[in-house]
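**Q** what's the 3D shape of this:
(3 chains)
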Amino acid sequence: MAKPPPLRHLITLADLSAEQIIDLLDTAESLRATALRPVNKLPLLRGRTVVNLFFEPSTRTRTSFELAAKRLSADVINFDVAHSSTSKGETLLDTLRNLEAMRCDLFVVRHQQNGTPAYLAEHAAPGVVIVNAGDGNHAHPTQGLLDMFTIRRHKADFSQLTITIVGDILHSRVARSDIHALRALGVGELRIAGPASLLPEDAAELGCRIYHRIEDALANSDVIIMLRLQKERMQHGLIASDQDYARCWGLDRQRLQLARADAIVMHPGPINRGVEISDEVADGAQSVILQQVSNGIAVRMAVMAKLLGQV
Amino acid sequence: MAKPPPLRHLITLADLSAEQIIDLLDTAESLRATALRPVNKLPLLRGRTVVNLFFEPSTRTRTSFELAAKRLSADVINFDVAHSSTSKGETLLDTLRNLEAMRCDLFVVRHQQNGTPAYLAEHAAPGVVIVNAGDGNHAHPTQGLLDMFTIRRHKADFSQLTITIVGDILHSRVARSDIHALRALGVGELRIAGPASLLPEDAAELGCRIYHRIEDALANSDVIIMLRLQKERMQHGLIASDQDYARCWGLDRQRLQLARADAIVMHPGPINRGVEISDEVADGAQSVILQQVSNGIAVRMAVMAKLLGQV
Amino acid sequence: MAKPPPLRHLITLADLSAEQIIDLLDTAESLRATALRPVNKLPLLRGRTVVNLFFEPSTRTRTSFELAAKRLSADVINFDVAHSSTSKGETLLDTLRNLEAMRCDLFVVRHQQNGTPAYLAEHAAPGVVIVNAGDGNHAHPTQGLLDMFTIRRHKADFSQLTITIVGDILHSRVARSDIHALRALGVGELRIAGPASLLPEDAAELGCRIYHRIEDALANSDVIIMLRLQKERMQHGLIASDQDYARCWGLDRQRLQLARADAIVMHPGPINRGVEISDEVADGAQSVILQQVSNGIAVRMAVMAKLLGQV
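**A** Next up is the predicted model:
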């Protein structure tokens, strides 16, 4: 099979082909072995500079990218936006241009506004790479990829799978990236379930079946992806309370029994224990939540090495 | 002599044998030579990841651990707790589990609450190491070790020494770790002196003789360990004022003459000049305060390399 | 030609000879080639530790120094002053002494007060190097050097050049360092222009001709250095408004035509678009602003390697 055309940036999974996604997952698989060795360094990005450009705080995702870059021997700059010229009124583009002029090679961008990584990608200098680490409710492509990677390690054939996503689909960039990837990979059946106020209007276009009761959605599922409850949704009156949410949409041991016996349970983290997921399930045998975290390193190594042309 | 059983974590010096302490000090001694070379890097922790997990700000101690880790060629992550998921309600254990899943090898933990490093050590995955960098008023074991290391470089035989600790013994994790180590090493005489309200009730159990006048405590001392005055003690009414404290418990040139002529003066830093110690003494010929700082690097290198099984 | 005497620190350009400046620029030129290679690492500072000691936030300058140090293979510590013992009342000198005791080799110091880097240089231990990264309105020597480096790459002979600096000369450490360097290098004609309230009283001593209209100052200029408008000047009533400043002192395409056809336009950044400089000029063919940023890495590499005796 011919190799897919090289990716220039990673902004969304919406326009990636199955071949491109599989190529990234295969690369991650080969890097995963390295990531598990005691001396887990590869020289692939030696002399390259990766900038973490986070406009929204996220220690966990930033740390994952930082570790992935360091394990490829890159130099990493954590660009502190709160104290930067960007906060003194410099335009975002001038910040990019300045860091490009310092010969930074790859920018990991998180921003509260949809489209910022795409905007930077559009204006990036030749050879400079933008990786979206989450923008608004638009996309979180490396999370989508690590979710696919994790599913693939447990389940052979996407076309045979019933996959259910539960929670605030409407505001979730994770859900959106998962849905795009799952459709590209030809998932058998894709279900979404959550409070009516938190479901997207374009569910049909997205190829998802909507469920209004979690029990119905879970029946015979092979993979269950629980989303994090964003507390600010409660402030906006979209959800009554933690307890209310847990009662209607939380995954506990009893409900998990509705899914297939070998179903796996996923969550992008950080988890709200006792809200969207019970302790028993989060820490149980079917949970692959920490595997997702672990796989995130290999997937981000693959994305960075691939986009910089080193694998 | 047989090697002592390998340490799994470093949480307190209370349960370490003389052999274990001496083994760490000997390792530090051999690493000290490296630490003094112009190109002071060793490949011992290459490919390993050290996480600074500081819940209490401490640039100085964090920097010491960061330098020690980098000089062993480890990758270092400064995990910014203030902006992390831990601050978004994630449990401490989930934070640990996530960083373990990213294959972080060693956690340097500082926390305002007694017992947090022990709690993490109890739950750490196999092979993952916890080093206590100070918890509440409980323990600060690497400070205790670097103090022993510094004393040993100046004085031959602990059993012949009279060592005096002055200040707020009650709230000092440094004092507690020093006392545990000195007793394990068979110190000749161990004295503590300070305001009555700041002395521990279990002084006798700790094997310390209590002094209520600094002059009496200093007489014939070989080693004087001055503690930092914590300003918050004044807010709690335990101390009247800086000047009052300096007058009763401060170490100046005159008082220093009460100790042995070759006595050394120690302080864990940062010092309050003119309060617990005068400029003349802090900067004088008997002060080994900066040697303590310097030795801290070698000792922390030894602890990390030893616990990760690389020396 | 004999080599100039070795520099011990870099605090100001006021006392540097043409030979010393040219020696640094030549070193930067030879390092620039490295800085442009894909794998842009040199082992010159391997095992050395560079500390960024920034008392004034400046992500951009800190990042430039951090990248320069990492490309020389140094370990870099970003010492967070806001959370450090310095903020707990430790003296500046004790902070220096402690970091020296940890065997840090070179301190990059930015401070709001004039003279702080000089004070630290005066007290630094033998072999320890201080580099001024900007103090008050006193000096910013690496900016001055990178400006000279950038001019030299475009214009052959300083003695044939007319160079014009526009803006708040009085409060600008950049202007001061540029002026010192340009005079040492024997610049043909040196002009300054800006609001009367923002011009220095010692302009004649500095060897500058004062202009009260930007148009007059620009006529036949070979090099134009636009300074950043510090917004706090407006708060102090020295400038009426952004628009007012742009109208009187901003550089737009029309005004630029008054200079020589091959004039270059410089700015230390970050730029206030539409205030001191128009978009057309900032992004135009004569702008070398991003080249300055790029050259800053090579110049800072040269300064650090030279002062640590590695080139």
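**Q** Count the neighbours of A:Pro268 for me.
**A** Here the count is done by other CB atoms under 10 Å in any protein chain shown, and A:Pro268 has 27 residues near it. From N, CA and C alone the C-beta is placed, and that goes for glycine too.
**Q** where's it, which helix or strand?
**A** Using DSSP states H and E, A:Pro268 maps to neither a helix nor a strand.
**Q** Once you drop chain neighbours, what's closest to it?
**A** Leaving out its chain neighbours, the residue that sits closest to A:Pro268 by CB to CB, 6 or more residues apart in numbering or on different chains is A:Val174, at 4.7 Å.
**Q** I figured A:Ser294 hits B:Ala101, correct?
**A** Yes: in terms of CB atoms under 8 Å, A:Ser294 counts as a neighbour of B:Ala101; the distance is 4.3 Å.
**Q** check which helix or strand covers the residue nearest to A:Pro268.
**A** Using DSSP H and E, A:Val174 sits within helix A:173-184.
**Q** mind showing which ranges of the stretch 1-150 of chain A have poor pLDDT?
**A** Along the stretch 1-150 of chain A, segments meeting pLDDT under 70 span A:1-3, A:82-89.
**Q** Give me the helices and strands touching the helix holding A:Val174, please.
**A** Contacts defined by 3 or more CB pairs under 8 Å, 6 or more residues apart in numbering or on different chains; DSSP states H and E place helix A:173-184 against helix A:18-36, helix A:141-154, strand A:162-166, strand A:189-193.
**Q** Among these, which comes closest to chain C?
**A** Of all the helices and strands packed on helix A:173-184, it is helix A:18-36 that lies closest to chain C, at 19.5 Å by CB to the nearest CB.
**Q** Tabulate the CA atom coordinates of the next helix-or-strand element following the closest one in PDB.
**A** On the C-terminal side of helix A:18-36, the nearest following helix or strand under DSSP H and E is strand A:49-54. What follows is strand A:49-54, C-alpha atoms only, in PDB (Å, rounded to 0.1, in the frame of the first residue of the first chain):
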ATOM      1  CA  THR A  49      12.800  22.900  19.500                       C
ATOM      2  CA  VAL A  50       9.200  22.200  20.600                       C
ATOM      3  CA  VAL A  51       7.200  25.100  22.100                       C
ATOM      4  CA  ASN A  52       4.300  24.500  24.400                       C
ATOM      5  CA  LEU A  53       2.000  27.400  23.700                       C
ATOM      6  CA  PHE A  54      -0.800  27.000  26.200                       C
END
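**Q** Tell me which residue lies nearest the centroid of chain A.
**A** With distances taken as CA atoms, centre = their mean, the residue of chain A nearest its centroid is A:Gln143 (1.4 Å).
**Q** Report the distance from whichever strand or helix holds A:Leu67 to the chain centre.
**A** Per DSSP H and E: A:Leu67 is located in helix A:59-71. Helix A:59-71 sits 14 Å away from the centroid of its parent chain (CA atoms, centre = their mean, to the nearest Å).
**Q** I'd like the next helix or strand past it.
**A** strand A:75-79.
**Q** Touching that following strand from outside, list them.
**A** A:47-54, A:62, A:66, A:69-70, A:99, A:104, C:59, C:63, C:66-67, C:70-71 (CB atoms under 8 Å, 6 or more residues apart in numbering or on different chains).
**Q** so what strands line up beside that strand?
**A** Strand A:75-79 has the following sheet partners, assigned by DSSP bridges: strand A:49-54 (parallel).
**Q** in chain A, what residue is nearest chain C?
**A** Residue nearest to chain C within chain A: A:Gly47 (3.3 Å; CB to the nearest CB).
**Q** Close to chain B: what parts of the stretch 201-311 of chain A are there?
**A** Counting by CB under 8 Å from any CB of the partner chain, the stretch 201-311 of chain A comes close to chain B at A:269-273, A:290-291, A:293-294, A:296-297.
**Q** A:Arg176 is in contact with A:His138, isn't it?
**A** Yes: A:Arg176 is within contact range of A:His138, at 6.8 Å (criterion: CB under 8 Å).
**Q** contacting residues for the residue of chain A closest to chain C?
**A** By CB under 8 Å, 6+ apart, the contact set of A:Gly47 is A:75, C:37-41, C:71.
**Q** Scan those and report the most crowded one.
**A** For these, the largest number of neighbours (other CB under 10 Å) sits with C:Arg71, at 26 neighbours.
**Q** and the gap between that residue and chain B?
**A** For C:Arg71, the distance to chain B equals 16 Å [CB to the nearest CB, to the nearest Å].
**Q** ok, now which ones touch that residue?
**A** C:Arg71 neighbours (CB under 8 Å, 6+ apart): A:47, A:75, C:34-35, C:40-42, C:297, C:301.
**Q** Farthest-apart pair in the contacts of A:Gly47, please.
**A** A:Asp75 and C:Arg37 (14.0 Å; CB to CB).
**Q** picking up where we left off before, quick one: which of the residues of the stretch 201-311 of chain A next to chain B is nearest B:Ala240?
**A** Each of those was scored against B:Ala240 by CB to CB, and A:Pro270 proved nearest at 46.3 Å.
**Q** Let me know whether that closest one touches A:Arg228 as I believe.
**A** Yes: here A:Pro270 reaches A:Arg228: they are 6.9 Å apart, a contact under CB under 8 Å.
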